[in-house]
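**Q** structure, please.
(chains A and B)
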Amino acid sequence: MLTKRIIPCLDIKDGRTVKGINFENIRDAGDPVELGALYAKTGADELVFLDITATNEKRKTLSELVNRISQNINIPFTVGGGISSVEDVQVLLQHGADKISVNTAAYKNPQLIADLSKEFGSQCVVLAIDTKQETDGQWYVYLNGGRVKTDTLCTDWARQAVDLGAGEILLTSMNHDGTKQGFALDITATLAGTLSVPVIASGGGGTMQHFTDVFTKGKADAALAASIFHFKEIGIPELKDYLAGQGVRMRK
Amino acid sequence: MNLVIIKYNAGNIQSVRYALERIGATATVTDDHEMIASADKVIFPGVGEASTAMHYLRERKLDQLIIGLQQPVLGICLGMQLMCRHSEENDTTCLNIFDEAVKQFKPQQGTGLKVPQIGWNTISDVKTPLFNMVPENSYCYFVHGYYAAKGEHTIATTDYIQPYSSALHRDNFYGVQFHPEKSAVVGEKILTNFLKL
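**A** Down below sits the predicted model:
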């Protein structure tokens, strides 16, 4: 049987792993390649590397980093952060990335998703959505790392992106991100229950029970978290043992 | 050892090269007929779309070359599917090394099973030295929307929507649907076994 996936996420700035709380307050959490290799050894099912560096040198440093990751890590990994063209993706795949994630650039130019899936296959195109539930109860799409609100509903954008060829959805709830109060179960279940592609839930994982909830109530195919792993609050082996004990299918 | 990875218009070739480096093997990535024909071992990887890939192979006459190879050949993912007879993906005639049809997974309403299959699944009924010391029901990493049915060449079985061939073998030709280069230590073991064939 196919298992649910546990995915540590490494936010990268200037070559170091960092983690913000509610998209701000960045703390240093070590060398991303060392950390990624450690996670791979201890049972992570996949890794996500998001580059939040915003300099001109970015493209070159990112492809060098991807190269190092690929040489040292024996599980699949996704790279994201500022990817906006077929050429960007070509370079990252040539350096060994398995999948890429797109966010703001894809929203501004949805054709990018179609172009990427045609060129490299849907399996390689992850659409990241940052979403926030407003006081009207609706979940809206946010851009630019959560700084810019749009009037588009998360469900509408996700459906459109899958029709265009996105192979997976990485859904981050801004209300929950960094809070350690649990994942956004409702919107995750809505997407996971209606889309034909896997949904990776992100934002809010703080206890092992939260992961059980996101897989059972949230129907997520995969769960992503950062600081609880980086700061060793929860170990991947103990988390997977716990989930298996709760009846969630896990790779051991 | 002279190890060659066939270069064509499919993704994921670098990952395979790096995975081989992690187990201490150096591979040359090439589409040069001479180099491929004279290699000790040949790997035919790939992630992509079947008809585009077959078109590219035919244009460069790599299709005829691959069919005639005598040394151990390992097809990975799309590579394995291209070694079958036919793929439903854009109704593509393939290399017919394995007399099997490649079909599209049909999503099953209400089961929660998505298409493509993405993630870790088990391999069972494993046969041939490719799986030496690989325990039954080991987990491997899969990403695919099409599958080869079970048949006489099946040497590993995986269950997703229905049981299908997660590995095939005939003579010197081997194919795996999963990605050994991304399947942690199990995948490294399988690649090491291939290099020893």
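
**Q** other residues contacting the lengthiest helix in chain B?
**A** Using DSSP state H to define each element, chain B has its longest helix at helix B:184-196. Residues outside helix B:184-196 that contact it (C-beta atoms under 8 Å, 6 or more residues apart in numbering or on different chains): A:40, A:74-75, B:1, B:3, B:19-20, B:22-23, B:25, B:41, B:43, B:72, B:74, B:129-134, B:138-141, B:174, B:176, B:178-181, B:183. (Glycine included, C-beta is placed from N, CA and C.)

**Q** from those, which would you call buried?
**A** A:40, A:74-75, B:3, B:19-20, B:22, B:25, B:41, B:43, B:72, B:74, B:130-131, B:134, B:138-141, B:174, B:176, B:178-181, B:183 (16 or more other C-beta atoms under 10 Å in any protein chain shown).

**Q** let's see which of those residues end up in helices.
**A** Per DSSP H, these map to helices at A:Ala40, B:Ala19, B:Leu20, B:Arg22.

**Q** so the last one touches A:Asn74, yeah?
**A** Yes: judged on C-beta atoms under 8 Å, B:Arg22 makes contact with A:Asn74 at a distance of 6.4 Å.

**Q** state the pLDDT value of residue 85.
**A** Defaulting to chain A. Note for A:Ser85: predicted pLDDT of 94.

**Q** you answered for a different chain; I wanted chain B.
**A** At B:Arg85, pLDDT is 97.

**Q** and what of A:Asp51?
**A** Looking at A:Asp51, its pLDDT reads 89.

**Q** same question, A:Gly20
**A** 54.

**Q** again with A:Lys252
**A** On pLDDT, A:Lys252 comes in at 85.

**Q** measure it to B:Asn137 for me?
**A** Using C-beta to C-beta, to the nearest Å, we find A:Lys252 at a distance of 10 Å from B:Asn137.

**Q** what's the closest non-adjacent residue to the spatially most central residue of chain B?
**A** With distances taken as C-alpha atoms, centre = their mean, the residue of chain B nearest its centroid is B:Ile76 (2.1 Å). Distances taken as C-beta to C-beta, 6 or more residues apart in numbering or on different chains put B:Pro45 closest to B:Ile76, at 4.3 Å, once the chain neighbours are dropped.

**Q** surely the one you found touches B:Asn12?
**A** Yes: applying C-beta under 8 Å as the test, B:Pro45 and B:Asn12 come out as touching, 5.8 Å apart.

**Q** residues bridging contact with the two, i.e. touching both?
**A** Each of B:Ile76, B:Cys77, B:Glu181 lies in contact with both B:Pro45 and B:Asn12 under the rule C-beta under 8 Å, 6+ apart.

**Q** okay, now B:Gln71: neighbour count?
**A** For B:Gln71, the count of nearby residues is 15 (other C-beta atoms under 10 Å in any protein chain shown).

**Q** ok, now B:Asp31?
**A** Going by other C-beta under 10 Å, the residues that sit close to B:Asp31 add up to 17.

**Q** could you do A:Asp14 as well?
**A** By other C-beta under 10 Å, 13 other residues sit near A:Asp14.

**Q** returning to that earlier point: for the longest helix of chain B, what is the distance to the chain centroid?
**A** Relative to the centre of its chain, helix B:184-196 is centred 13 Å away, using C-alpha atoms, centre = their mean, to the nearest Å.

**Q** likewise for stretch A:123-141?
**A** Worked out by C-alpha atoms, centre = their mean, stretch A:123-141 lies 12 Å from the chain centre.

**Q** same check, this time on stretch B:133-152
**A** So, by C-alpha atoms, centre = their mean, the centroid of stretch B:133-152 is 10 Å from its chain's centroid.

**Q** just stretch B:22-36 next, same as before
**A** With C-alpha atoms, centre = their mean, you get 16 Å for stretch B:22-36.

**Q** which two in the ones in helices among the buried ones among the contacts of helix B:184-196 are spaced the farthest apart?
**A** Spatially, the most separated pair among these is A:Ala40 and B:Leu20, at 17.0 Å (C-beta to C-beta).
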